[in-house]
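Chemist: 3D model of this:
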Amino acid sequence: MGLKEEDVNSARNFLRLHKAIERAFDHKRLYFEHVPSAGEGGLTLRVRVLDPDLLKEEIVASETTVRTFGDIDEVNCVWSFPGDKFPFRRLLSLHSLRAVEKARALGWIADDADAISRRTRNLELARYSLGENSIIMDAFFSSS
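Modeler: Below you'll find the model as predicted:
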């Protein structure tokens, strides 16, 4: 992916997430989709829940605030970063591609135009991070 070994523990290799959201992300039950925006210094990502069973699960944010994953599905989140300290968007993109593949295999999403559209949007994030003609982009097509 064009990264060095020390990049694994870099602060750029994470997004701050609620632990329930992080766990669902790690298990590829949801992913973050790039939303092009004109703002500088920010990154807009849309939450996309893949596992239909996850939609009803609760996210307890505090003693008085309880939400479900259904409440955050398709919500745009904007993160701001100083200078060029964006997270490794190519890793977010690859993780998203793998999550969509898992969702297709488990029947969470249909193997149709929607799945192709999701894949295309995820590849756009990788291109944004790596550049259109990068040889690393081949890694994103290896499972096609």
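
Chemist: CA atoms for contacts and neighbours, from now on please.
Modeler: Fine.

Chemist: all the strands of this protein, residue numbers only.
Modeler: Per DSSP state E, the chain carries strands over the ranges 30-34, 42-49, 58-60, 66-68, 76-80.

Chemist: out of these, which one sits most buried?
Modeler: Among the strands of the chain, ranked by average contacts under mean count of other CA atoms under 10 Å, first place goes to strand 30-34 (a mean of 25).

Chemist: what residues does it touch?
Modeler: Outside strand 30-34, the residues that touch it by CA atoms under 8 Å, 6 or more residues apart in numbering are 24-25, 43-51, 92-93, 95-96, 99, 118, 121-122, 124-125.

Chemist: who's in contact with Ser62?
Modeler: By CA under 8 Å, 6+ apart, no residues touch Ser62.

Chemist: distance check, the nearest residue to Ile72 once chain neighbours are set aside against Tyr31.
Modeler: Once flanking residues are discounted, Ile72 sits nearest to Val47: 6.6 Å by CA to CA, 6 or more residues apart in numbering. Val47 sits 6 Å away from Tyr31 when distances are taken as CA to CA, to the nearest Å.

Chemist: over to Ala99?
Modeler: Distance, Ala99 to Tyr31, using CA to CA: 7 Å.

Chemist: intersection of neighbour lists for the two?
Modeler: Leu50.

Chemist: low-scoring pLDDT stretches of this protein, where are they?
Modeler: For the chain, the stretches with pLDDT under 70 are 1-15, 38-41, 81-88, 125-144.

Chemist: helices of that one, residue ranges please.
Modeler: Counting by DSSP state H, the segments of the chain that form helices are 19-26, 69-72, 89-105, 113-130.

Chemist: among those helices, which is the most enclosed?
Modeler: Highest mean neighbour count among the helices of the chain (mean count of other CA under 10 Å): helix 89-105, with a mean of 20.

Chemist: render the CA-only coordinates of it in CSV, please.
Modeler: Extracted in CSV, the C-alpha atoms of helix 89-105 (Å, rounded to 0.1, in the frame of the first residue of the first chain):
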residue,chain,number,x,y,z
ARG,A,89,-7.3,7.2,3.1
ARG,A,90,-6.1,4.3,1.0
LEU,A,91,-6.4,2.1,4.0
LEU,A,92,-10.0,3.4,4.7
SER,A,93,-10.8,2.7,1.0
LEU,A,94,-9.3,-0.9,1.1
HIS,A,95,-11.1,-1.6,4.3
SER,A,96,-14.4,-0.4,2.8
LEU,A,97,-13.9,-2.5,-0.3
ARG,A,98,-13.4,-5.6,1.8
ALA,A,99,-16.4,-4.8,3.9
VAL,A,100,-18.6,-4.5,0.8
GLU,A,101,-17.2,-7.8,-0.5
LYS,A,102,-18.1,-9.4,2.8
ALA,A,103,-21.6,-7.9,2.7
ARG,A,104,-22.1,-9.3,-0.8
ALA,A,105,-20.9,-12.7,0.2
